[in-house]
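Asker: Here's a sequence, model it:
(one chain, ligands or ions: 1)
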Amino acid sequence: MVKCWNPQIEEMPQEELQKLQYKLLKTLVYQLYSFSPFYHDRMRDHGVHPDDIQSLEDVARLPFMMKSDLRDNYPDRIFTVPQDELVRYHVSSGTTGKPTVVGYTQRDVDNWTESLARALSSLGIGRGDVIQVSYGYGLFTGGLGLHYGAERIGATVVPTSVGNTERQIELMQDLRVTAIACTPSYLIHMGEVAEKMGISIKNDTFLKAGILGAEPWSEKMRMRIEETLGIKAFDIYGTSELSGPMFCECHEQQGIHVWGDLALIEIIDPKTGEILEPGERGELVFTILQKEALPMIRWRTGDITTMTTETCACGRTHPRISRITGRVDDMLIIRGINVFPSQIETALLTVPEVSEHFQIVVDRKGALDDMLVRVEVRSEAFSDKITDLMKIKEKVAHRLRSSLNVAVNVEMVEPGSLPRFEGKAKRVIDKRVM
Ligand code: DLL
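Answerer: Sure, this is the predicted structure:
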């Protein structure tokens with residue numbers, strides 16, 4: 001039986017949890033209306049007053065917040081505490097324009113750490129485990145976040161950060177690492193590098209768990225990772241605006257637990273903003289209930305998922321979200337058909353002869369969108385015989401067409417020829433926006 005880090009909270013009856021959420025929401029809204037010029041003006045312009053929040057559902061009356069709000073108020077104009085109360089900054093990379101800055105009070109860091117202590121304990125990690133943290137340390141939240149969480153539960157941390165992969169593998173063996181935290185694409189890369197060094201992660205190390213996230217990955221990818229590396233692979237989610245990685249699957253692997261005392265979630269229709277029912281797929285929206293430096297009300301993550309409020313088989317009562325299948329702005333529209341890179345990954349991984357490494361190139365040919373999927377053949381299946389390769393290519397093209405409902409061009413490439421990633425994978429090259 002896997003123990004809860006904080007059973008009183010994690011197994012709290014749902015009715016009680018919702019009462020707590022309502023109390024926290026009400027306090028937050030009053031405080032922000034009274035003391036934050038940004039939120040005061042937002043609520044006033046939206047025609048909502050804290051007195052209008054009479055139930056948890058009334059969160060829907062509040063205005064949304066988006067990435068542009070943080071960018072427009074760069075670096076710290078939405079912060080609600082003075083600089084001398086901050087203990088840390090993290091800065092997100094900002095792929096499209098200005099970066100965004102997140103500030104933390106000591107209590108913010110403590111809540112973030114508590115959240116990860118619960119998450120790591122829920123998948124069966126604790127004192128005695130050795131956790132290699134191979135997310136980037138520094139402005140990115142992955143490294144330091146997992147580091148603090150792992151120390152809090154009494155595990156031993158190996159803070160390798162990203163890169164220097166051969167050294168990482170040596171340390172994994174020498175220090176008897178039992179769990180690794182990194183992006184799924186980096187773990188796959190590590191597996192390949194280990195193989196070249198003559199080391200099998202499955203047979204020659206003590207690794208039993210991967211805490212994998214920061215980028216979309218499919219259920220098929222989980223199966224491949226678990227099978228090839230002989231570990232259990234857990235999905236961990238977060239964004240820098242929430243604090244960083246915060247929520248993870250438990251040992252049941254039945255969705256990501258979102259701690260309700262820290263966050264209130266909604267799933268909305270990204271086009272209309274309307275709230276969807278549990279089980280319906282839409283955009284994930286967060287209200288962080290206990291954040292001091294940069295409170296977030298109805299933060300639109302852009303991430304697409306579903307939620308459930310059913311109690312998990314592990315006994316934890318908090319809401320869960322399913323694997324993120326893509327981002328609202330990730331969706332490619334190919335000749336009018338909506339395509340998510342995650343669908344392509346899932347379809348490719350049904351073909352045993354191809355590897356996990358692929359690249360999507362989108363271009364415009366005349367008035368039409370054109371998509372090319374480049375995928376590596378696995379070394380075992382790689383052959384010089386053109387006819388063999390043609391057969392695999394046809395199989396891949398067929399699987400993609402039937403899963404996406406649109407014909408795509410396929411190019412088979414040699415094992416090891418596509419780029420590898422230490423941090424987040426970049427699999428889509430959209431030449432239409434270059
Ligand atoms: O990626 C925080 C993080 C670090 C999460 C380590 C998990 C592990 P950002 O750089 O702000 O923060 O990027 C956040 O990454 O909105 C999602 O689109 C994506 N993302 C994060 N985790 C997952 C996941 C960190 N498990 C953005 N599955 C989010 C799919 C994920 N996408």
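
Asker: can we go C-alpha only for contacts and neighbour counts from here?
Answerer: OK.

Asker: Just give me the longest strand of this protein.
Answerer: Taking residue count as the measure and DSSP state E as the definition, the longest strand of the chain comes out as strand 354-365.

Asker: In that one, which residues are buried?
Answerer: Of the residues in strand 354-365, those buried under the neighbour-count criterion (16 or more other Cα atoms under 10 Å) are V354, S355, E356, H357, F358, Q359, I360, V361, V362, D363.

Asker: Just checking: what are the partner strands of that strand?
Answerer: Using DSSP bridges, the neighbouring strands of strand 354-365 in the sheet come out as strand 368-377 (antiparallel), strand 428-430 (parallel).

Asker: just to revisit the earlier point, please convert the buried residues of strand 354-365 to JSON lines, extending it with pLDDT and distance to D204.
Answerer: Formatted as JSON lines, the entries for the buried residues of strand 354-365 read as follows, by pLDDT from 0 to 100; distance: Cα to Cα, whole Å:
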{"residue": "V354", "pLDDT": "95", "distance to D204": "25"}
{"residue": "S355", "pLDDT": "94", "distance to D204": "22"}
{"residue": "E356", "pLDDT": "94", "distance to D204": "22"}
{"residue": "H357", "pLDDT": "96", "distance to D204": "24"}
{"residue": "F358", "pLDDT": "97", "distance to D204": "28"}
{"residue": "Q359", "pLDDT": "97", "distance to D204": "31"}
{"residue": "I360", "pLDDT": "96", "distance to D204": "34"}
{"residue": "V361", "pLDDT": "95", "distance to D204": "37"}
{"residue": "V362", "pLDDT": "91", "distance to D204": "41"}
{"residue": "D363", "pLDDT": "91", "distance to D204": "44"}
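
Asker: And those residues, which is closest to V258?
Answerer: Distances from the buried residues of strand 354-365 to V258 were compared by Cα to Cα; the smallest belongs to E356, at 28.8 Å.

Asker: So the nearest residue to the closest one once chain neighbours are set aside versus the ligand, what's the distance?
Answerer: Across the structure, with Cα to Cα, 6 or more residues apart in numbering as the measure, the residue nearest E356 apart from its sequence neighbours is L349 (6.9 Å). For L349, the distance to the ligand equals 17 Å [Cα to the nearest ligand atom, to the nearest Å].

Asker: what's the spacing between L349 and I231?
Answerer: According to Cα to Cα, to the nearest Å, L349 stands 18 Å off from I231.

Asker: Just the terminal-to-terminal distance for stretch 246-259.
Answerer: End-to-end distance of stretch 246-259: 9 Å, with Cα to Cα as the criterion.

Asker: and T287, what are its bridge partners?
Answerer: On the basis of DSSP bridges, T287 takes part in beta bridges with L264.

Asker: Before we move on, what's the pLDDT of it?
Answerer: The score at T287 is 98. That number is its pLDDT.

Asker: so it touches G260, yeah?
Answerer: No. Using Cα atoms under 8 Å, T287 is not in contact with G260; the gap is 10.1 Å.

Asker: for this protein, where's the lowest mean pLDDT among helices and strands?
Answerer: With mean pLDDT, DSSP states H and E as the measure, the helix or strand of the chain carrying the lowest mean pLDDT is strand 332-334 (a mean of 85).

Asker: following it, which helix or strand comes up?
Answerer: Downstream of strand 332-334, the first helix or strand assigned by DSSP states H and E is strand 337-339.

Asker: Counting neighbours, which bits of that next one end up buried?
Answerer: For strand 337-339, by 16+ other Cα under 10 Å, it's V339.

Asker: before we move on, what about stretch 155-164?
Answerer: Neighbour-count burial for stretch 155-164, counted by 16+ other Cα under 10 Å, picks out A155, T156, V157, V158, P159, T160, S161, V162, G163.

Asker: For it, measure first residue to last.
Answerer: Where stretch 155-164 starts and where it finishes are 23 Å apart, if you go by Cα to Cα.

Asker: Taking the stretch 251-400 of the chain, what residue is nearest to the ligand?
Answerer: Using Cα to the nearest ligand atom, I324 is the residue of the stretch 251-400 of the chain that sits closest to the ligand, at 4.7 Å.

Asker: is it fair to say that residue lies in a helix?
Answerer: No. In this structure, I324 is coil, not part of a helix, as judged by DSSP: H, G, I helix; E, B strand; the rest coil.

Asker: Can you name the residues of the stretch 201-350 of the chain that neighbour the ligand?
Answerer: Contact residues (Cα under 6 Å from any ligand atom) of the stretch 201-350 of the chain with the ligand: 213-216, 235-240, 244-245, 301, 303, 324, 327.

Asker: Check which helices and strands the helix of greatest length in the chain sits against.
Answerer: Assignment by DSSP state H gives helix 14-35 as the longest helix of the chain. Helices and strands touching helix 14-35, by 3 or more Cα pairs under 8 Å, 6 or more residues apart in numbering; DSSP states H and E, are helix 37-46.

Asker: pLDDT below threshold where in the stretch 51-200 of the chain?
Answerer: Within the stretch 51-200 of the chain, the segments meeting pLDDT under 70 span 94-97.

Asker: now the helices for it?
Answerer: 67-72, 106-122, 141-152, 165-174, 184-196 (DSSP state H, counting those that start in this stretch).
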